[in-house]
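Trainee: Quick check, what structure comes out for this input:
(2 chains)
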Amino acid sequence: METLNTSEKKEYKLSFDGSGSEYFGIVIVNWLLTAITLGIYYPWAKANQLKYLYGATSLNDDRFAFHGTGKEMFKGFIKAIILFIVVYGIFFWLISMRMPVAAILFLYAAILGIIPIAIHGSYRYRMSRTSWRGIRFGYRGNRKELFINFFKWIFFTVITFGIYGAWLSINLRKYLLGNVRLGNMSLNYKGKGADYFVLNLKGYFLSIITLGIYIFWWQKNLFGYYINNLSAEKDGNEIKFKSTATAGDFFNLIMVNLLILVFTLGIGYAWVVTRSMNFLMNKIEMEGDIDLDSLAQTEDVYTDATGEDVGDMLNLDLVT
Amino acid sequence: MQKTKGVFYDGLSSSPQSLEIILDKENSSIVFNIISENLSWKLDEILVEQTGSNVEIRSSAGKQLQSIKISDPEFILQLKKIRREKRLTGFYHRLLDLGFRTHAIIAICILAAIGIGYVLLLPWIAERAVVFIPDSYDNSIGTAFFERYIDYTSIDSVKTKALKQFASQLNLNNTKEIKFTVVRSKTVNAFALPDGNIIVFTGIIELMMDYDELAALIGHEVAHVNNRHSMKMMCRNLAGYFFLSAVLSDVNGIMAVIGDNIHTLQSLTYSRNFEHEADAEGLKMLVANKINPKGMSKLFKRLQAKYVDIVPEFLSSHPITENRIKFIDKTISGTKPLIIDHPKLHTIFLQVKGD
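Mentor: You can find the predicted model right below:
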């Protein structure tokens, strides 16, 4: 078959070939099942949707695959619910003991403490259940290390009145992406907090001055800052990622998505997702000399989806 | 026997291996040859995932992530057919295979079911749920609101006393103690709190020409208290909000926002139903007290005439005045209620007005 040996060195192609109408079917069927089961089907619905979106994304004509199951996510879902019941139980117990200050402090501390653990669990689960050509992704971050770092960054953010937030975002991204691997190929992110801060400051003020028109350039810069600082490494070889998106592209993407949602009363959501995925995959270029035929399996299976579900409950969009 | 070429990944490296794959219908398996070794996967131990024209077959038996990629449409068709015949595709995939038109119909049906449940079922359930909320709760929130509200107003104690006297002359059929307060304000408004506090602004009293109009207003407000309209409204608003965000946020955020807006509109019509109910019961109260029920339509006509351009507050969340007057006239017409003169009410009414 012609796909054989086409992944020659320095030739990479990312693409998304999911269709809006196919994804619409998946969204609707899952919606129906979730409604009929009074929400219990939700974890399965989520797994089904991820399966489709991953499966429709391909690198050098080979698809990514999501192996997570509704059952795993359901178990995580139950654990996440128990966790929240315990946290809120203690919170209300403290309230009933007439210690409102302690109760609120406890709640903040608990939720702040849950966030890094949820991020860690979510990355581990999502990566371990994703593969390409039968090679598993993996996340090798250390939970304790992330936990301590996260609190350190939050502390700096608080005492600098939020300014350090830019560094927090970039440090977190660096840590998370830097620990992601696909078999024996590892990812690397080299953004800087200061650059990111200036980028956002500029974006914020220019957007105000231009009455919002600059937002599309801001978006383009943010996306560019994410992608252009990303690279993959294996045995001394490297792949660099590059964004080719322009502000005009973002204008087109955002405005058309908005129109679709408004004029279909939200039913066109499936098309918005597939359009966006298509956009992202088309606007990322890869250059380098890693031979993608030579990746080897290195990661173990990890099936605990608790982090994923806790993240869902806190409404964090953890893995992008 | 169906045959095609495919690409195999062995789960150890990302290096592609080309192979020939055979669909063995008799043994219900697929057979292929890797490095001079014959392998066979049972059809009930594989996952078949299609995106576009490509199909990926994965073994669900072994721990290793082995997969075969094929794109021959004829082979895919046969594979899917045999899996369907042997009932190896789950109900989920069968639902997915229904096609776009069916999916669109399902979407419309779910939306319709949500709409019907929301418009018909939910208000009914919420109103019945009010029975389970103790009366003391009505009282405590009503009183809490009253105490906070009254601090920012100027009470006309003379008129308040007169209004209390006026109400004491009427048989209000009230279920709990009614407390009246007259507040100095140009605002043309009056409202009832769930604990039986009724607040009347001097602005609306000044417009009234006779005691039957004041009696109509009291009858209307007391009906709100008697029927626990505030509590019903609260129950329904909460239930409606939770219901809509639960079923719609599952799909996406935009749907939830649309749901919220529909909800606001819907609660307006819902409160109009309560106004109708209060009007109807107010009329009954007038008739029971042998007061001319026309007092109510007289009051509304006066409000309407005074405010041609701007809607007075008393009417804003209420049914369009024109409709209300029609409704009242229709209710009165045909009936011949016994009406007598109430000189005492007239005297007290003048005191309330402060003339």
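
Trainee: Give me the neighbour count for the spatially closest residue to A:Ser19 that is not a sequence neighbour.
Mentor: The shortest distance from A:Ser19 to any non-neighbouring residue, by CB to CB, 6 or more residues apart in numbering or on different chains, is to A:Thr274 (6.4 Å). Quick note: C-beta positions are derived from backbone N, CA and C, even for glycine. Neighbourhood size, A:Thr274 [other CB atoms under 10 Å in any protein chain shown]: 22.

Trainee: Thought A:Gly18 was touching A:Thr274, still the case?
Mentor: Yes - contact status for A:Thr274 versus A:Gly18: in contact at 4.9 Å, counting by CB atoms under 8 Å.

Trainee: Name the residues contacting each of these two.
Mentor: Common contact partners of A:Thr274 and A:Gly18 (CB atoms under 8 Å, 6 or more residues apart in numbering or on different chains): A:Ala56.

Trainee: How far does whatever helix or strand B:Ala216 lives in sit from its chain's centre?
Mentor: Taking DSSP states H and E as the definition, B:Ala216 sits inside helix B:211-226. A distance of 28 Å separates the centroid of the chain from that of helix B:211-226, by CA atoms, centre = their mean, to the nearest Å.

Trainee: tell me the average confidence for it?
Mentor: The average pLDDT within helix B:211-226 is 91.

Trainee: same check, this time on stretch B:325-343
Mentor: The model assigns stretch B:325-343 a mean pLDDT of 85.

Trainee: list the buried ones in it?
Mentor: For stretch B:325-343, burial by neighbour count (16 or more other CB atoms under 10 Å in any protein chain shown) applies to B:325, B:327-328, B:331-332, B:342.

Trainee: Using TSV, lay out those residues together with distance to B:Leu65.
Mentor: Putting these into TSV (distance: CB to CB, whole Å) gives the following:
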residue	distance to B:Leu65
B:Ile325	75
B:Phe327	71
B:Ile328	75
B:Thr331	75
B:Ile332	80
B:His342	90
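
Trainee: what's the closest of those to chain A?
Mentor: Nearest to chain A, judged by CB to the nearest CB, of these is B:Phe327 at 33.6 Å.

Trainee: just the helices in the stretch 51-200 of chain A please.
Mentor: Along the stretch 51-200 of chain A, counting by DSSP state H, counting those that start in this stretch, helices occupy A:70-96, A:100-128, A:143-159, A:165-178, A:193-209.

Trainee: So for B:Thr89, which of those helices sits nearest?
Mentor: B:Thr89 lies closest, by CB to CB, to one member of those: helix A:70-96, at 16.5 Å.

Trainee: Check whether that closest one comes near chain B.
Mentor: No - residues of helix A:70-96 contacting chain B under CB under 8 Å from any CB of the partner chain: none, with a closest distance of 9.7 Å.

Trainee: how about the nearest residue to A:Val272, chain neighbours excluded?
Mentor: Nearest to A:Val272 is A:Asn257, by CB to CB, 6+ apart, at 4.6 Å.

Trainee: gap between that neighbour and chain B?
Mentor: A:Asn257 sits 10 Å away from chain B, going by CB to the nearest CB, to the nearest Å.

Trainee: Tell me what the nearest residue to A:Lys51 once chain neighbours are set aside is bridged to.
Mentor: Residue nearest to A:Lys51 in three dimensions, not counting chain neighbours: A:Phe66, with 4.8 Å by CB to CB, 6+ apart. In this structure, A:Phe66 bridges to A:Thr130 when assessed by DSSP bridges.

Trainee: Neighbours of A:Phe66, how many?
Mentor: By other CB under 10 Å, neighbour count at A:Phe66 equals 21.

Trainee: Isn't it up against A:Lys46?
Mentor: No - with contact defined as CB under 8 Å, A:Phe66 and A:Lys46 do not form a contacting pair (10.3 Å).

Trainee: which ones are touching the residue nearest to A:Val272?
Mentor: Here A:Asn257 is in contact with A:272, A:275-276 (CB under 8 Å, 6+ apart).

Trainee: Just the buried residues of those.
Mentor: If we count by 16+ other CB under 10 Å, the contacts of A:Asn257 have these buried: A:272, A:275.

Trainee: In helices, which of the contacts of A:Asn257 appear?
Mentor: A:272, A:275-276 (DSSP state H).

Trainee: strands paired with the longest strand anywhere in chain A, and their directions?
Mentor: Ordering each strand of chain A by length in residues (DSSP state E) puts strand A:237-243 first. Strand pairing for strand A:237-243, using DSSP bridges, gives strand A:230-234 (antiparallel), strand A:284-288 (antiparallel).

Trainee: Out of the ones in helices among the contacts of A:Asn257, the closest to chain B would be?
Mentor: Using CB to the nearest CB, A:Val272 comes nearest to chain B of the ones in helices among the contacts of A:Asn257, at 8.3 Å.

Trainee: where does the stretch 51-200 of chain B have low pLDDT?
Mentor: B:61-63 (pLDDT under 70).

Trainee: Break down it into its strands, ranges please.
Mentor: B:54-59, B:67-70, B:179-183, B:190-192, B:197-201 (DSSP state E, counting those that start in this stretch).

Trainee: With mean neighbour count as extra columns, can I get these in a markdown table?
Mentor: Below are the strands of the stretch 51-200 of chain B laid out as a markdown table (neighbours: other CB atoms under 10 Å in any protein chain shown):
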| stretch | mean neighbour count |
| --- | --- |
| strand B:54-59 | 20 |
| strand B:67-70 | 22 |
| strand B:179-183 | 21 |
| strand B:190-192 | 20 |
| strand B:197-201 | 23 |
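
Trainee: Of all those, which one is nearest A:Val101?
Mentor: strand B:197-201 (34.7 Å).

Trainee: who touches that closest one?
Mentor: B:142-143, B:146, B:149, B:163, B:178-193, B:217-218, B:221-222, B:225.

Trainee: Quick check: what element follows it along the chain?
Mentor: Using DSSP H and E, the first helix or strand after strand B:197-201 is helix B:202-207.

Trainee: same for the helix or strand harbouring A:Gln219, what does it pack against?
Mentor: Applying DSSP H and E as the criterion places A:Gln219 in helix A:215-228. Here helix A:215-228 touches helix A:193-209, strand A:237-243, helix A:247-263, going by 3 or more CB pairs under 8 Å, 6 or more residues apart in numbering or on different chains; DSSP states H and E.

Trainee: now that helix: mean pLDDT?
Mentor: 93.

Trainee: what angle sits between it and helix A:193-209?
Mentor: Here helix A:215-228 points in a direction 160 degrees away from that of helix A:193-209 (axes from the mean of the first three to the mean of the last three CA atoms, to 10 degrees).

Trainee: Run the chain-centre distance for helix A:215-228.
Mentor: 16 Å.

Trainee: cool, stretch A:127-135 as well?
Mentor: 16 Å.

Trainee: can you list contacts of that stretch?
Mentor: Contacts of stretch A:127-135 (CB under 8 Å, 6+ apart): A:54, A:59, A:62-68, A:72, A:136-139, A:180, A:182-183, A:295-297, A:299-303, A:319, B:9-14, B:16, B:64-67.

Trainee: Report the secondary structure state of B:Glu49.
Mentor: strand (DSSP: H, G, I helix; E, B strand; the rest coil).

Trainee: With adjacent residues omitted, what lies nearest to it?
Mentor: Nearest to B:Glu49 is B:Glu56, by CB to CB, 6+ apart, at 5.1 Å.

Trainee: is it true that A:Trp44 touches A:Phe74?
Mentor: Yes - applying CB under 8 Å, one finds A:Trp44 in contact with A:Phe74, separated by 7.2 Å.

Trainee: What residues does the closest residue to B:Ile141 other than its chain neighbours make contact with?
Mentor: With CB to CB, 6+ apart as the criterion, B:Ile141 has its nearest non-adjacent residue at 6.3 Å, and that residue is B:Pro194. For B:Pro194, the contacting residues are B:138-139, B:141-142, B:225, B:228, B:230-231, by CB under 8 Å, 6+ apart.

Trainee: CSV please, covering the buried residues of stretch B:325-343 and showing secondary structure.
Mentor: Listed next are these as CSV, based on three-state DSSP:
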residue, secondary structure
B:Ile325, helix
B:Phe327, helix
B:Ile328, helix
B:Thr331, helix
B:Ile332, helix
B:His342, coil
